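Novice: just coords:
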């Protein structure tokens, strides 16, 4: 969390340690929408684009629980959430972060607005592609009032299907094409895309090679991730389909990943059992 003064003070300790070592650090700003659970909201329903249950699992303090049917956001809820993101970005500046990344992926709130299977609204936030993307751009425009555009990144997962309660439809990829092209009007730090998390080769309207598909549409810095090793990472860069490759799981198990890549050393395998658990053994 980065909504309270106490959290800002805590994050200052983290950003200072990173800067003392000559590093850069961005904070990912999330709102999980319907992937949340009443356990986090004093029994109240989580918010989403529409009152549609993702029929997935929520990660709660007591472990995974079934998701519930969320409350469809009112216009007032949306405006308040735009302000919440702006407030978080302003706090990130105070806390010493070098930038923010708007997490618009993984079936979370923005993606719930983007996808027709999770958004059945009939107001200005639903129906057309432009309307489904409106909330994201309102947040981006609010954030750039408190932090320079070139310190903002955005993350998308265009071919997400069958996980995190997300199902693609015919308009999914055209919606992301519209968003990515429109981001050429901004001067962002980067756009961060994920390759498909699941096999989407049987879905006629899915894109199986995300970097290759979206590179020609975006003029700025493009980052790609998901399941890359050193060889695959170098290949996507050499082919000109991305400018940066993000590594997640390999970093969890290899904090010295740069040195291991550089010297072609064997990589330690990650332990997925510890990714979302508490305590010293967990991924913290």
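Specialist: Nice, I can see it. A quick note: this is a predicted structure, and the numbers were derived from the prediction, not measured.

Novice: quick one, phi psi at the residue nearest the centre of the chain?
Specialist: The residue lying closest to the centre of the chain (CA atoms, centre = their mean) is residue 103, at 2.7 Å. Residue 103 adopts backbone torsions of phi -80, psi 100, taken as degrees, to the nearest 10.

Novice: quick check, it in contact with residue 155.
Specialist: Yes. Between residue 103 and residue 155 there is a contact at 5.4 Å, judged by CB atoms under 8 Å. (Glycine included, C-beta is placed from N, CA and C.)

Novice: what do the two both touch?
Specialist: Contact criterion CB atoms under 8 Å, 6 or more residues apart in numbering; residues shared by residue 103 and residue 155: residue 28.

Novice: contacts only, for the residue nearest to the centre of the chain.
Specialist: Neighbours of residue 103 in contact, by CB under 8 Å, 6+ apart: 28, 29, 30, 110, 155.

Novice: filter those to the buried ones?
Specialist: 29, 30, 110, 155 (16 or more other CB atoms under 10 Å).

Novice: save those as a markdown table, and put in pLDDT and secondary structure too.
Specialist: Formatted as a markdown table, those follow (pLDDT from 0 to 100; DSSP: H, G, I helix; E, B strand; the rest coil):
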| residue | pLDDT | secondary structure |
| --- | --- | --- |
| 29 | 98 | strand |
| 30 | 95 | coil |
| 110 | 98 | helix |
| 155 | 98 | strand |
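
Novice: for those, which one is nearest residue 236?
Specialist: Closest to residue 236 out of those is residue 155 (16.7 Å), distances taken as CB to CB.

Novice: what's the first-to-last distance across stretch 210-223?
Specialist: In stretch 210-223, first residue to last residue: 11 Å (CA to CA, to the nearest Å).

Novice: stretch 203-214 too?
Specialist: By CA to CA, the extent of stretch 203-214 from end to end equals 18 Å.

Novice: can you give me the buried ones in it?
Specialist: Buried-residue list, stretch 203-214, by 16+ other CB under 10 Å: 203, 206, 207, 210, 211, 212, 213, 214.

Novice: hmm, residue 168 and the first one touching each other?
Specialist: So the one you mean is residue 203. Yes. In this structure residue 203 lies within contact range of residue 168 using CB under 8 Å: 6.1 Å.

Novice: between these two, what contacts are shared?
Specialist: Any residue near both residue 203 and residue 168 by CB under 8 Å, 6+ apart counts here, and that gives 159, 161.

Novice: before we move on, the earlier item: farthest pair in the contacts of residue 103?
Specialist: So, the contacts of residue 103 by CB to CB: farthest apart are 28 and 110, at 12.3 Å.

Novice: who touches the nearest residue to residue 201 once chain neighbours are set aside in this structure?
Specialist: In space, and not counting its chain neighbours, residue 201 is closest to residue 208: 5.7 Å by CB to CB, 6 or more residues apart in numbering. Residue 208 makes contact with 159, 196, 200, 201 under the criterion CB under 8 Å, 6+ apart.

Novice: the first one belongs to a strand, doesn't it?
Specialist: No. Going by DSSP: H, G, I helix; E, B strand; the rest coil, the assignment for residue 159 is coil, not a strand.
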